[in-house]
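J.: got a predicted structure here, sequence first:
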Amino acid sequence: MGEIAIHIQLGSVMDDVRADLTGTLARLRAMGYDGVELPGPAVGLGPAEFRDAMVEAGLAAPSATVPWTALLDDPEVTFPYYHDRGIKTCVLGWLDPSMLPGGAKEGEYREKIVKAAGILAGHGMELACHNHEHEFATGADGRTLMEGFLDSFPPEVMRTQFDLGWLDYGGADAVHFMERYAGRRCGVHLKDYIDDRGPQREKVAELRAQGIFIEKRPGFLFQPVGYGQVDYPKIIEAVKRIGYGYVVVEQDRSLDRTPMEAAAMSVGYLRGKGLGK
């Protein structure tokens, strides 16, 4: 196919991973995935066992979402788990409001981030951040909080792993952020959803009537990539133009079909758009 690999965040199919890791990896490879992303230290294999499992499945594993408090508060203890499993990119899975511009602990966390990035770099690894929607609120200086956060670090300290679903939900322009911070890119998370603000609001209403919705965001439902309201045809063109090495499918929850069914739909859509190796 092309040069851009398709990975999946294993947290999207975590029940299957816990029930049968080897079988789940084989099924993901057969679906068309080229790699996986670790959901923190949740996969219960030792370093050699994990690397062997990836080789056997024919899957790459360059990145992991890392519990942000553990990595920033105690990086020397936290990073070896990922280093020993061949992970290159440790991604902060949450940017707490306290560390963003104007946050109560902005300065404290800036120092911790610089220290953690330095430790990772010393072992051939890198630090990246993953967003949700709150980072795209406008700060006191007129920039989004995400822009203020990223611009306070050089690229070698903080890379980006934008989550394009949450970015879209936060009202921001995914392609703009991808292009502006192209020099910081590692992978990019592809996530889709429907909600009661979008063109599939009637479907959302039907699902809510059946009791199917995300409790914290009524009127919101995750969907396989390409089946929601995010403009993925436009985004995929940008992914190709900018030159991402890989994309990561992530569906936090799948309430209207099984997670593996959703995973198959996502990779099928992306391969149909020319992604995948």
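T.: Nice, thanks for sending it over.
J.: packing partners for the helix or strand hosting Ile113?
T.: In this assignment (DSSP states H and E), Ile113 forms part of helix 106-121. Packing partners of helix 106-121 (3 or more CB pairs under 8 Å, 6 or more residues apart in numbering; DSSP states H and E): helix 68-73, helix 75-83, strand 126-130. In this view, the C-beta of every residue, glycine as well, is placed from N, C-alpha and C.
J.: okay, the angle between it and helix 75-83?
T.: 50 degrees (axes from the mean of the first three to the mean of the last three CA atoms, to 10 degrees).
J.: what does helix 106-121 contact?
T.: 71-73, 75-76, 79, 90, 96, 98-100, 103, 126-127, 152-153, 156-158 (CB atoms under 8 Å, 6 or more residues apart in numbering).
J.: right, and the helices and strands packed on helix 106-121 - which one's nearest Gly219?
T.: strand 126-130 (23.9 Å; CB to CB).
J.: and the closest one with helix 106-121, angle?
T.: 130 degrees.
J.: run me through the strand neighbours of strand 126-130, direction for each.
T.: strand 89-92 (parallel), strand 159-161 (parallel) (DSSP bridges).
J.: after it, heading C-terminal, what element do we hit next?
T.: Counting by DSSP H and E, what follows strand 126-130 is helix 145-151.
J.: got the buried residues for that next one?
T.: Buried positions in helix 145-151, judged by neighbour count with 16 or more other CB atoms under 10 Å: Leu145, Met146, Glu147, Gly148, Phe149, Leu150.
J.: okay if I get those residues as a markdown table plus distance to Pro259 and pLDDT?
T.: As requested, these are exported to a markdown table (distance: CB to CB, whole Å; pLDDT from 0 to 100):
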| residue | distance to Pro259 | pLDDT |
| --- | --- | --- |
| Leu145 | 31 | 98 |
| Met146 | 28 | 98 |
| Glu147 | 33 | 98 |
| Gly148 | 35 | 98 |
| Phe149 | 31 | 98 |
| Leu150 | 31 | 98 |
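J.: would you reformat those as CSV and include distance to Tyr109?
T.: CSV is the format used below for the buried residues of helix 145-151 (distance: CB to CB, whole Å):
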residue, distance to Tyr109
Leu145, 13
Met146, 15
Glu147, 17
Gly148, 13
Phe149, 10
Leu150, 14
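J.: of those, closest to His176?
T.: Of those, the one sitting nearest to His176 (CB to CB) turns out to be Glu147, at 10.3 Å.
J.: okay, that closest one and Pro233: tell me how far apart.
T.: Glu147 is 26 Å from Pro233, where distance means CB to CB, to the nearest Å.
J.: so what touches stretch 139-158?
T.: 95, 99-102, 110, 113-114, 117-118, 121, 126-129, 131, 134-138, 160, 172, 177, 180-181, 183-184.
J.: from those, which would you call buried?
T.: 95, 99-101, 110, 113, 117, 126-129, 131, 135-136, 160, 172, 177, 181, 184.
J.: which residues of the protein score low on pLDDT?
T.: 1, 214-216, 218 (pLDDT under 70).
J.: which SS state does the spatially most central residue of it fall under?
T.: In the chain, the C-alpha nearest the mean C-alpha coordinate belongs to His189, at 3.9 Å (CA atoms, centre = their mean). Under DSSP: H, G, I helix; E, B strand; the rest coil, the three-state class of His189 is strand.
J.: chain neighbours aside, what residue packs nearest to it?
T.: In space, His189 comes closest to Asp163 once its chain neighbours are excluded; the distance is 4.1 Å by CB to CB, 6 or more residues apart in numbering.
J.: cool, and Gln200?
T.: Per CB to CB, 6+ apart, closest to Gln200 is Ile194, 4.3 Å.
J.: now do stretch 87-99: distance to the chain's middle.
T.: 10 Å (CA atoms, centre = their mean, to the nearest Å).
J.: just the buried residues of that stretch, please?
T.: Ile87, Lys88, Thr89, Cys90, Val91, Leu92, Gly93, Leu95, Pro97, Met99.
J.: closest to Val249 out of those?
T.: Looking across these and measuring by CB to CB, the closest to Val249 is Val91, at 14.8 Å.
J.: distance of that closest one from Ala104?
T.: Relative to Ala104, and taking CB to CB, Val91 is found at 24 Å.
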